[in-house]
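Q: Sequence plus predicted model, see below.
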Amino acid sequence: MSNEPILRIADLHVCIDDTQILKGVSLEIMPGEVHALMGRNGSGKSTLANVLMGHPAYEITGGTIEFLGEDLAEMEPWERARAGVFLSFQYPQAVPGLQVGNFLRKTVQALRGDDSPSAREFRQELNNAMSELDVSKQFLGRYVNDGFSGGEKKRFEILQLLLSKPKLAVLDETDSGLDIDALQTVAKGINASMGSESGCLIITHYQRILDHVNPSHVHIMIDGEFVKSGGPELALAVEEKGYEWLS
Amino acid sequence: MAENTDARDAVGDYRYGFHDPENHTIRFDSGLSEQVVRDISALKDEPEWMTELRVKAYNHFANRPMPTWGNMSMLEDIDFDAITYFLKSSNQTENDWEDVPEDIRNTFDRLGIPEAEQKWLSGVTAQYESEAVYHSIREDLEEQGVIFLDMDSGLKEYPELVKKWFCTVVPYADNKFSALNTAVWSGGSFIYVPKGVHVEMPVQAYFRINAKNMGQFERTLIIADEGSSIHYVEGCTAPTYSTDSLHSAVVELIALPGAHIRYSTVQNWSANVYNLVTKRAVAHENAVVEWVDGNIGSKLTMKYPAVILKGEGAHAEVISVAYSGKGQHQDAGAKIHHLASNTTSKILSKSISKDGGRGSYRGMVQVSKKAQNCKVNVVCDALILDEGSRSDTYPTMEISNPTCRSEHEASVSKVSDEQVFYLMARGHSEEEALALIVNGFFEPFTRELPMEYAVEMNKLMALEMEGSIG
């Protein structure tokens, strides 16, 4: 196991439209670690996720983000993706007319470049990932997120996670709105994508997904700052007592 | 070479903008007169009725004013005297690829046509400038009695058949440009499918304009006899030139009772070409006619594939897409005339405008008084990629029979930043993300095309998205 962190965020300050959202966030994720980030709506969790992926609407006004020693802030979103950063979106976007199967093939080619699998290898890989997540073949002929139910969207994000094999997975409320079966399937996908050389940041409101993915670290964000970090017990405490006692 | 560089500056980098040295056996001076029309006909050794038809059409063209609708200011810029109305780049029609002159073969090689032929072609008419230079028909087509010739050969070999149908769907006096085409037409395809014969594979033709100021006036006539079916595909690409070129074709389709004709076009004229085309079909009892029409490129396109539903139970479908970039105006749409009862029609029009380009949908659906129980469905979708680009819709419905069921939907949308970011987060550059969105928007059209056309169409749109950022 390497000693270099996957992700090192130091004193990160972020604005959108001149409003300060993140007010000095620091975080280090080592290989093999799963970190959970909890907090109320509007506390800045999704902003952190979007900033990690390079959303153009956010401006970094202070601090640094290093990904495997590289300055992430200097990279375009697609460069981050190709370098191994993955974001599971809270609100995945529909692209009418773009078929899922075709899109996944193009995505894998974009991410892996010269190491892209052959058509046959890709099909094999895709079949494995789809059976892991109980996704039916018909899915491939549908259009990306177009007319998908909430659960289908989340499952599709995790299917992309499995095919992307990222070094850093950021999951923005991927568990929201899922029934217990879907939640277990999604958790299975997250666990399958994690290895000893990769890291994961799970943003969630609920303790229940953490029963399945076992985070090593839990952070609580309030008003753009990490107010408390700890182990899994912190998530249980939040589940029981809410956030009041932390502010 | 200097001229070439200028052209590139004027119209931008155009992928298929290479061209071969001009090598013409016969070339008329530019400009048009009754004598030029007679000379063209004499050179082709045509029957007298055709010569007289050309002359009548010329006189109509000369006296008819420009249309007073569409993009009038662009139309006024056409200099008819600067156009060469006929040129012949090789002496006869070839039917073996190896006999085709090398510079011409090079052009086709670079367009990948031989490979396409191996996979898909059941017959090829590759139009190079004014006349077909390459023509092959698979033996089984010949055995089935299918006639597939360039129009000039069709007139020579089947004069009675041509005389019976020529100008019956699009009269020479239909509009100024159909009159011009009738006066100076050269090349195009002539197809006859006998009763009950189904042509399984699409038959294809490619068109290119390769000479400066070259007008291309091909004329296509397809007759599908009772109960037969055919899918005809044309793909157009043109090299880049800095002076304006005029492309003014006429296509006539006749679907006899129970016949099925599908006519697919992917057109990619360079940004200086005027593309003013009259396409019209007649559908008899229970016949089906489908126009699948893709318009990318050109300076101004005015094209409204039409179907006259003449027989009971006939069905028409027009699926068209248009892409307008900088300085371009695509004025495209469809016309359907329901003349008989129980006829149905469907129009799907999708347009994209970018970099100040303008896309217009111009549609006309008429249902006559005596046509009972007709069904009409019209859907127009526009996607605007940036500020300053424009989309207009001019739908006309004239329904004179109360039993008609008609539906009309129109939408205009923009590409959202969130959509682009989602795709960028999956490893696609901003340009690639736009191409995925644009190709998705056109997917209802591209899925109707033969595979290699769909692939080329997607590649062309991806190329159009290049350099669009920043």
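A: Perfect, thanks for sending it.

Q: residue ranges of the helices in chain A, please?
A: Listed in chain order, the helices of chain A (DSSP state H) span A:45-53, A:77-83, A:100-112, A:119-132, A:150-164, A:180-193, A:210-213, A:232-241.

Q: Grab the CA positions of the helix or strand hosting B:Ser153 and hand them over as PDB.
A: B:Ser153 belongs to helix B:151-157 when assigned by DSSP states H and E. Taking C-alpha atoms only, helix B:151-157 is exported to PDB below (Å, rounded to 0.1, in the frame of the first residue of the first chain):
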ATOM      1  CA  MET B 151     -30.500   9.600 -66.500                       C
ATOM      2  CA  ASP B 152     -28.700  10.200 -69.800                       C
ATOM      3  CA  SER B 153     -28.400   6.500 -70.500                       C
ATOM      4  CA  GLY B 154     -31.900   6.000 -69.400                       C
ATOM      5  CA  LEU B 155     -33.200   8.400 -72.000                       C
ATOM      6  CA  LYS B 156     -31.100   6.700 -74.700                       C
ATOM      7  CA  GLU B 157     -32.000   3.100 -73.800                       C
END
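
Q: Name the residues that touch that helix?
A: Contacts to helix B:151-157, defined as Cβ atoms under 8 Å, 6 or more residues apart in numbering or on different chains, come from residues B:44-47, B:50, B:93, B:131-132, B:135, B:147, B:149, B:161-162, B:185-190, B:218-221. For glycine as for every other residue, the C-beta is placed from the backbone atoms N, C-alpha and C.

Q: just to revisit the earlier point, need the helices of chain A in TSV with mean pLDDT, distance to chain B and mean neighbour count, can you?
A: Formatted as TSV, the helices of chain A follow (pLDDT from 0 to 100; distance: least, Cβ to the nearest Cβ, whole Å; neighbours: other Cβ atoms under 10 Å in any protein chain shown):
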stretch	mean pLDDT	distance to chain B	mean neighbour count
helix A:45-53	97	5	23
helix A:77-83	97	4	21
helix A:100-112	95	4	20
helix A:119-132	93	14	14
helix A:150-164	94	7	21
helix A:180-193	89	15	18
helix A:210-213	90	21	17
helix A:232-241	90	27	15
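
Q: related to what we said a few turns ago, report the mean confidence score over the helix holding B:Ser153.
A: Averaging pLDDT along helix B:151-157 yields 92.

Q: How much space separates the nearest residue to A:Met30 once chain neighbours are set aside from A:Ser26?
A: By the measure of Cβ to Cβ, 6 or more residues apart in numbering or on different chains, the closest residue to A:Met30 outside its immediate chain neighbours is A:Pro5, 5.4 Å from it. Per Cβ to Cβ, to the nearest Å, A:Pro5 is found 12 Å from A:Ser26.

Q: The two: who's more crowded?
A: Neighbours were counted for A:Pro5 and for A:Ser26 using other Cβ atoms under 10 Å in any protein chain shown; A:Pro5 has more, 18 against 14.

Q: tell me the contacts of that one?
A: A:Glu28, A:Ile29, A:Met30, A:Pro31, A:Glu66.

Q: quick one, phi psi at it?
A: According to degrees, to the nearest 10, the main-chain angles of A:Pro5 amount to phi -70, psi 150.

Q: buried residues in stretch B:172-186?
A: Neighbour-count burial for stretch B:172-186, with 16 or more other Cβ atoms under 10 Å in any protein chain shown as criterion, is recorded at B:172, B:174-186.

Q: Just name the closest of those residues to chain A, please.
A: B:Phe177 (33.3 Å; Cβ to the nearest Cβ).

Q: Which strand or helix spans that closest one?
A: helix B:176-184.

Q: Which secondary structure elements does the helix or strand just after that helix sit against?
A: As assigned by DSSP H and E, the chain's next helix or strand after helix B:176-184 is strand B:189-193. Judged by 3 or more Cβ pairs under 8 Å, 6 or more residues apart in numbering or on different chains; DSSP states H and E, strand B:189-193 is in contact with strand B:147-150, helix B:151-157, strand B:219-224, strand B:229-237.

Q: Chain A contacts on the stretch 351-470 of chain B?
A: Residues of the stretch 351-470 of chain B lying close to chain A by Cβ under 8 Å from any Cβ of the partner chain are B:416-419, B:421-430, B:432, B:436-437, B:439-444.

Q: Give me the buried subset of those.
A: B:419, B:421-430, B:432, B:436-437, B:439-444.

Q: quick one on the thing from earlier: could you pick out the buried ones from the contacts of A:Pro5?
A: Counted by 16+ other Cβ under 10 Å, the contacts of A:Pro5 give A:Ile29, A:Met30, A:Pro31, A:Glu66 as buried.

Q: could the residues you listed be laid out in JSON lines, adding distance to A:Ala237 and pLDDT?
A: Below are these laid out as JSON lines (distance: Cβ to Cβ, whole Å; pLDDT from 0 to 100):
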{"residue": "A:Ile29", "distance to A:Ala237": "22", "pLDDT": "97"}
{"residue": "A:Met30", "distance to A:Ala237": "24", "pLDDT": "96"}
{"residue": "A:Pro31", "distance to A:Ala237": "27", "pLDDT": "95"}
{"residue": "A:Glu66", "distance to A:Ala237": "30", "pLDDT": "97"}
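
Q: which two from those residues end up farthest apart in space?
A: Using Cβ to Cβ, those reach their maximum pairwise distance at A:Pro31 and A:Glu66, which is 14.1 Å.

Q: In chain A, which residue sits closest to chain B?
A: A:Gly97 (3.1 Å).

Q: Can you give me the pLDDT of that residue?
A: 94.

Q: Tell me how many other residues crowd it.
A: 21.

Q: From what I see, it and B:Pro444 are in contact.
A: Yes - using Cβ atoms under 8 Å, A:Gly97 is in contact with B:Pro444, at 6.9 Å.

Q: Next one: B:Glu46 from chain A, what distance?
A: In this view, B:Glu46 and chain A are 47 Å apart by Cβ to the nearest Cβ, to the nearest Å.

Q: Revised request: answer the last question for B:Pro257.
A: 36 Å.

Q: and that residue, how many neighbours does it have?
A: B:Pro257: 17 neighbours (other Cβ under 10 Å).

Q: give me every residue that touches it.
A: B:Pro257 neighbours (Cβ under 8 Å, 6+ apart): B:Glu226, B:Gly227, B:His284, B:Glu285, B:Asn286, B:Ala287, B:Gly311.

Q: what's the domain layout of chain B?
A: As recorded under automatic domain parsing, the domains making up chain B are B:2-303, B:415-470.

Q: Now A:Asn50: closest residue in space that isn't a chain neighbour?
A: A:Tyr58 (6.0 Å).

Q: Using JSON lines, please lay out the helices of chain A together with distance to B:Trp69.
A: Converted to JSON lines, the helices of chain A look like this (distance: least, Cβ to Cβ, whole Å):
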{"stretch": "helix A:45-53", "distance to B:Trp69": "49"}
{"stretch": "helix A:77-83", "distance to B:Trp69": "45"}
{"stretch": "helix A:100-112", "distance to B:Trp69": "40"}
{"stretch": "helix A:119-132", "distance to B:Trp69": "50"}
{"stretch": "helix A:150-164", "distance to B:Trp69": "46"}
{"stretch": "helix A:180-193", "distance to B:Trp69": "56"}
{"stretch": "helix A:210-213", "distance to B:Trp69": "64"}
{"stretch": "helix A:232-241", "distance to B:Trp69": "68"}
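
Q: between the ones you listed, which gets nearest to B:Asn59?
A: Across these, closest to B:Asn59 is helix A:100-112 (Cβ to Cβ), at 53.7 Å.
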